[in-house]
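> I would like to see how this sequence folds:
(chains A and B)
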Amino acid sequence: MARMNMVQALNSAMDVMLGRDPRVVILGEDVGYFGGVFRCTEGLQRKYGEHRVLDTPIAEGGIIAAAIGMGVNGLKPVAEIQFADYIYPGFDQVVSELARLRYRSAGEFAAPVTIRTPCGGGIRGGQTHSQSPEGIFTHVCGVKVVMPSNPYDAKGLLISSIEDDDPVVFFEPKRIYNGPFDGDPHKPAVPWSAHPRGEVPEGHYTVPIGRAQIVREGKDVTVLAYGTMVHVAEAAVRAAGVDAEIIDVRTMAPLDVDVLCTSVCKTGRCVVVHEATRFGGYGAELVATVQEHCFWNLEAPVQRVTGWDTPYPHAFEWEYFPGQARIAAALKEVMEPA
Amino acid sequence: MTPRSRLHVPSPPARPGQEPDFSYVQISPAGAVGRPDVMAAVRDMEEISVQMVRVLDEENLAVGPWNPHLEPAELQVGLRHMLLTRLFDDRMQKIQRQGRISFYIKSTGEEAVAVAQCMALQPGDMLFPSYRQQGLHVVRGRNLVDLMCQCLSNTRDFCKGRQMPIMYHWGKGNIFSISGNLATQFPQAVGWAMAAAIKGEDRIAATWIGEGSSAEADFHYGMTFAAVYQAPVILNLVNNQWAISTFQGFAGGEHRTFAQRGPGYGIPGIRVDGNDFLAVYAATQWAAQRARQSGGATLIEHVTYRTAAHSTSDDPSRYRPKEEWRAWPLGDPVLRLKAHLIALGEWSEERHALLEKELDAHVTACWKEAESYGTLTAGPSLDPLTMFEDVLKDMPQNLVHQREELRKELEARPKATPAVQPQAKEG
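The predicted model follows:
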């Protein structure tokens, strides 16, 4: 086993797939010669050539459209959108085309495209480099939506996504590219090398899409989180001294309802955590699912911990970010209902 | 006086009740435009994006360097395909008026674009049409019954009732699925062509867009990617003068030709008489040859006229002179090819009348068969539970549950539920 950070794990996943499957191609802004602004595709063009790893014009709609055409012609494109905040020019190509091609052609055409895109805040990115738009894509039937929280899952899930016959929007929480982050920006950065999920096999393996993972077993309350927020939740639970069961959702769509609801039925309490804005967000889907399946087991109203319903402000990043204190307050609320 | 800016709002030359005026359409004499070498540099052939490539002259003879020298037998096949497309369109329009299908879009007046182009391409070439190129299916030999069943959303509908009428696709025939969202296919075709080049195939792609929808960003994406990667693709812009109610000036056609956008991107642009079967064929052949020789993409502007309404939901008499089509200076593609064949001594009014009768009977027979597989409102119908299939390759749990919910809902429903005619929407 090797020690990898998330960037290296993602690079390794693409390296493995480019090597194994001649249909796999990488395309995106700055991904070729330069290796990507976050270095995720470093060295891949040198190794596999300019026809497998393509720099593209700055046109997200064009990147996704071209990837669709390539997919229809038998390739397995992995398109990088440099920041999730830049994905909107390609939104029509995702929603109206990529997601519905199989359906509208009754299975005759499909485009197995993986769209990788860094998301989330905490890097002083302001309102155009910090967004978490996963909930916008989970509302689109016909695409799978994934967000890993650690290097091991990142590589295994990305390989699964590339191998999948359906399109996948693959969100990469960029704040944890280089190390797990517990929500406190004043603490020194922690590398992935000290984390058990920083151990990553060099070769091919998969983490299945559509399966959540129990990160910490517990009896008193279930915390549902994904991406960066898994680590913040772990720290908050530790500090609160609560026996919480923490579940890393990992795949937003299709959702692993069984694992989530089995846990909530057991604990009787639930806190849903995500970095994205709250109103109409993905957390609402989780809460609705929980109440539908676990209502008679619930001891307290389900709580949501999220970013505020404002754009991500540059100067007030840590007042916006749903850190440990906000999670602690929700845990308290759900454990001691008034 | 202080200079002030003034907003220019384009206005068509004639509105209802006024004399049609097509003086804005610049037309070159047949045979007058040179035919550059297929591998010529873009900067050396901007002429063909400004002039108009035409082959059929006033005497209905083929003249000039673009004459593709087709055999009379091939011309007769072309005429047959165009005529069949027209008769099929006419019949489906009538059927829509009778309320038996929800919607239809005719290609009347612009049949040469799809038919001549498809005949100039190889069967393995991949086609990404918009909604007005039904001639592609006709040329590639599709059974009209299949197309009719799609329009009927019946038990033989290859779209399984998921698409409005005319949103066809045909995997085996290498014709891509029509979206209904405009222009999206344009950059997709470029991606398909890039993949063909990556794989080292000699297949090329062709795609069609209207002059109206060339205003979408997708046009720009397609042009940029095609230019950057010299993708083997033919990018067709069908300038039929009207995008529903807005004339071509609203797509930016007032000051330069649409073909001239090609050289702006570093792509050859050919402005062609879209109602001249031979000119369309020749331009396509030129572009296909260039693409197959790694010369990259070509933009072809087909200057034609949308003789029909935009769709069955549209009434063009509200925004353009009713008889405007009669004044269209480039005539009718079917009549012009017919006249050419007659001038060659390879066709006659009698043979034409016979062919028309034969094709009309064929359309009637196809419709009879198609209807026997059910309509939206009567006869055998699709199982609604199939609506949950093909969202993803394997059905996810939420859809398994929802299918079960619908199954129960349908079982509880009284049997004689009146069927609801879906409302047609603009496509």
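> so residue B:390 touches residue A:101, yeah?
No: Residue B:390 is beyond contact range of residue A:101, at 9.6 Å (criterion: C-beta atoms under 8 Å). In this view, the C-beta of every residue, glycine as well, is placed from N, C-alpha and C.
> more neighbours: the two, which one.
Neighbours per residue, other C-beta atoms under 10 Å in any protein chain shown: of residue B:390 and residue A:101, the larger number sits with residue A:101, 26 against 21.
> list the contacts of residue B:321.
B:14-20, B:327 (C-beta atoms under 8 Å, 6 or more residues apart in numbering or on different chains).
> in CSV: the residues you listed, plus neighbour count and distance to residue A:59.
Shown next, in CSV, are the contacts of residue B:321 (neighbours: other C-beta atoms under 10 Å in any protein chain shown; distance: C-beta to C-beta, whole Å):
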residue, neighbour count, distance to residue A:59
B:14, 16, 38
B:15, 12, 38
B:16, 12, 40
B:17, 8, 44
B:18, 12, 42
B:19, 10, 44
B:20, 17, 40
B:327, 13, 40
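> relative to chain A, which of the residues you listed is nearest.
Closest approach to chain A among these (C-beta to the nearest C-beta): residue B:15, at 32.9 Å.
> was I right to think residue B:231 contacts residue B:193?
Yes: with contact defined as C-beta under 8 Å, residue B:231 counts as touching residue B:193 (4.0 Å).
> find residues that contact each of these two.
Contact criterion C-beta under 8 Å, 6+ apart; residues bridging residue B:231 and residue B:193 by contacting each: B:205, B:297.
> would you pull up how far the helix ranked longest in chain B lies from the middle of the chain?
Looking across chain B with DSSP state H, the single longest helix is helix B:72-97. When C-alpha coordinates are averaged (C-alpha atoms, centre = their mean, to the nearest Å), helix B:72-97 and its chain have centres 14 Å apart.
> and that helix, what's buried?
Buried positions in helix B:72-97, judged by neighbour count with 16 or more other C-beta atoms under 10 Å in any protein chain shown: B:75-76, B:78-89, B:91-93, B:95-96.
> now stretch B:134-146
Neighbour-count burial for stretch B:134-146 flags B:134-140, B:142, B:144-146 (criterion: 16+ other C-beta under 10 Å).
> quick test: name the residue nearest the centre of chain A.
By C-alpha atoms, centre = their mean, chain A has its centre lying nearest to residue A:147, at 1.5 Å.
> tell me the spacing between that residue and residue A:120.
Going from residue A:147 to residue A:120 by C-beta to C-beta, to the nearest Å gives 9 Å.
> anything in contact with each of those two?
Common neighbours of residue A:147 and residue A:120 (C-beta under 8 Å, 6+ apart) are A:171, A:173, A:227.
> how many neighbours does the nearest residue to the second one once chain neighbours are set aside have?
Computed as C-beta to C-beta, 6 or more residues apart in numbering or on different chains, the closest residue to residue A:173 that is not its neighbour in sequence is residue A:227, at 3.8 Å. By other C-beta under 10 Å, the residues close to residue A:227 number 29.
> wait, residue A:227 touches residue A:147, no?
Yes: using C-beta under 8 Å as the test, residue A:227 is close enough to residue A:147 to be in contact (4.6 Å).
> dump stretch A:267-284 to PDB, restricted to CA.
Output in PDB follows, covering the C-alpha atoms of stretch A:267-284 (Å, rounded to 0.1, in the frame of the first residue of the first chain):
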ATOM      1  CA  THR A 267     -30.400   5.700  17.300                       C
ATOM      2  CA  GLY A 268     -33.700   7.500  17.000                       C
ATOM      3  CA  ARG A 269     -31.900  10.800  16.400                       C
ATOM      4  CA  CYS A 270     -30.400  12.400  13.300                       C
ATOM      5  CA  VAL A 271     -28.300  15.400  12.300                       C
ATOM      6  CA  VAL A 272     -27.800  16.100   8.600                       C
ATOM      7  CA  VAL A 273     -24.600  18.000   7.700                       C
ATOM      8  CA  HIS A 274     -23.500  19.600   4.500                       C
ATOM      9  CA  GLU A 275     -21.500  22.600   3.400                       C
ATOM     10  CA  ALA A 276     -24.000  23.800   0.700                       C
ATOM     11  CA  THR A 277     -26.700  26.300   1.300                       C
ATOM     12  CA  ARG A 278     -29.700  25.000   3.200                       C
ATOM     13  CA  PHE A 279     -33.000  26.000   1.500                       C
ATOM     14  CA  GLY A 280     -34.000  23.400  -1.000                       C
ATOM     15  CA  GLY A 281     -30.700  21.700  -0.500                       C
ATOM     16  CA  TYR A 282     -29.700  18.100  -0.600                       C
ATOM     17  CA  GLY A 283     -30.100  17.900   3.200                       C
ATOM     18  CA  ALA A 284     -33.800  18.400   2.700                       C
END
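> can you give me the helices in the stretch 1-150 of chain B?
Secondary structure of the stretch 1-150 of chain B by DSSP state H, counting those that start in this stretch: the helices cover B:47-50, B:72-97, B:111-120, B:135-139, B:144-152.
> report the mean confidence score over the longest one.
Okay, so that is helix B:72-97. Averaged across helix B:72-97, pLDDT comes to 98.
> with the third one instead?
What helix B:111-120 shows for mean pLDDT is 98.
> if we can go back for a sec, the longest helix of chain B versus helix B:144-152: what angle between them?
30 degrees (axes from the mean of the first three to the mean of the last three C-alpha atoms, to 10 degrees).
> residue in chain B nearest to chain A?
Chain B approaches chain A most closely through residue B:191 (2.5 Å), counting by C-beta to the nearest C-beta.
> so which residues of the stretch 101-250 of chain B form strands?
Assigned by DSSP state E, counting those that start in this stretch, the strands in the stretch 101-250 of chain B fall at B:126-128, B:205-210, B:233-239, B:242-243, B:246-247.
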